[in-house]
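[1] could you work out the structure for the sequence below:
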Amino acid sequence: MSLLQNFLNREISYYPAELHENKIWYITYYVLNPYTNRMTQRRVKINRVKSITARRKFAREIVVAINKKLSTGWNPFIEQDTTRTFVKYKDAVTAYFTAKSKELQKISIRVYIE
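    Numbering: from 1, shown residues only. Prediction:
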């Protein structure tokens with residue numbers, strides 16, 4: 001297989017981030033949603049910085065950071081799922097109790113157990 005065919009057969013998983021300077025400044029990029037298998041647009045607003053030159057500099061830094069992350073395989077949809085993990089109730093209570101037992105008095109620990 002030639003290099004051109006190999007390049008054309010490769011699946012595109014993102015389009016790089018770019019800055020849009022309109023009434024509302026925002027950065028857009030497209031990334032492949034693994035659940036729908038479609039390209040989905042993500043948008044980051046940049047209006048909170050008042051000075052135009054500072055806003056442009058801030059936006060360029062964000063664009064570079066997003067593009068660097070995208071080129072290494074980062075996907076915001078997969079990152080969102082890792083924060084929403086489910087834990088068994090018993091495991092959560094045990095973890096809470098072990099964390100709290102370090103800062104409580106012995107009397108309080110006894111009350112928690114009973």
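[2] where do the helices sit along the chain?
    For the chain, the helices defined by DSSP state H occupy 3-9, 52-71, 76-83, 89-101, 106-113.
[3] these into JSON lines, with extra columns for distance to residue 31 and mean neighbour count?
    C-beta coordinates here come from the backbone N, C-alpha and C atoms, glycine included. JSON lines is the format used below for the helices of the chain (distance: least, Cβ to Cβ, whole Å; neighbours: other Cβ atoms under 10 Å):
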{"stretch": "helix 3-9", "distance to residue 31": "20", "mean neighbour count": "8"}
{"stretch": "helix 52-71", "distance to residue 31": "7", "mean neighbour count": "14"}
{"stretch": "helix 76-83", "distance to residue 31": "6", "mean neighbour count": "11"}
{"stretch": "helix 89-101", "distance to residue 31": "32", "mean neighbour count": "10"}
{"stretch": "helix 106-113", "distance to residue 31": "45", "mean neighbour count": "10"}
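[4] which one of those lies nearest to residue 32?
    The closest of these to residue 32 is helix 76-83. By Cβ to Cβ, the value is 8.4 Å.
[5] about what we covered before: mean pLDDT lowest where, among the helices of the chain?
    For the helices of the chain, the bottom mean pLDDT is recorded on helix 3-9, which sits at a mean of 46.
[6] so which of the helices of the chain gets nearest residue 22?
    helix 52-71 (12.5 Å).
[7] report all helices and strands that that closest one contacts.
    Applying 3 or more Cβ pairs under 8 Å, 6 or more residues apart in numbering; DSSP states H and E, we find helix 52-71 packed against strand 14-21, strand 25-33.
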